[in-house]
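J.: make a model of this:
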Amino acid sequence: MQKVTAAIITRNNKIFIARRKATDYLAHKWEFPGGKIKDGETPQECLKRELQEELNIQVSIGRCLGECIYRYAHGTIQLIAYQAFWEKGNLRLVAHTEYCWASADQLAGFDFSPADQKFVRQIVKGHMRLDPNIDRTYQK
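T.: Residues are numbered from 1 along each chain as shown. Got it, this is the predicted structure:
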């Protein structure tokens, strides 16, 4: 089973999501950004590395928000979601074609990757508690 991370980043009561490239597996699907954990890497280290590589931003990692095990045709993943805080960096899309800041109510209108859908449902229903101080460090 491949372990994968996802960052849930919010600003002004909106949540950051990104759309996968047409050439990617799960092309054009929306997701909470993150990536595969490398050998010897913690999930938190993975998220910091992936967000730097894919979005050119530096983050600090908050608490774990949950896990989802999903069986794709190519294999099973364990997706681990963390609250992340955007500390600095000018956003540059490397692994995605577009991004959006969406409200919790808007998330259901996006075509998310299957593994991310569990977290979308929890956010939309208000079952995922996000840190109320999440906007504390955002810098543009």
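
J.: distance of residue 78 from residue 19?
T.: 23 Å (Cβ to Cβ, to the nearest Å). (Glycine included, C-beta is placed from N, CA and C.)

J.: for residue 73, see how far away residue 43 is.
T.: Taking Cβ to Cβ as the measure, residue 43 falls 24 Å from residue 73.

J.: thinking again about what came up before, and residue 78 and residue 19? Which one has more around it.
T.: A direct count of neighbours by other Cβ atoms under 10 Å for residue 78 and residue 19 places residue 19 higher, at 20 against 16.

J.: Three-state assignment for that one, please.
T.: strand (DSSP: H, G, I helix; E, B strand; the rest coil).

J.: thought it was touching residue 27?
T.: No. Under the criterion of Cβ atoms under 8 Å, residue 19 makes no contact with residue 27, lying 9.4 Å away.

J.: OK, contacts around the residue nearest the centre of the chain?
T.: Residue closest to the average C-alpha location in the chain (Cα atoms, centre = their mean): residue 32, at 2.4 Å. Counting by Cβ atoms under 8 Å, 6 or more residues apart in numbering, residue 32 touches 6-8, 15-18, 81, 116, 119.

J.: for the chain, what helix or strand is lowest in average pLDDT?
T.: strand 10-11 (a mean of 84; mean pLDDT, DSSP states H and E).

J.: show me where this structure has strands.
T.: Here the chain has its strands, by DSSP state E, at 2-8, 10-11, 14-20, 30-31, 34-36, 58-72, 75-88, 96-102.

J.: among those strands, which comes closest to residue 108?
T.: Of all the strands of the chain, strand 96-102 sits nearest to residue 108, with 9.6 Å by Cβ to Cβ.
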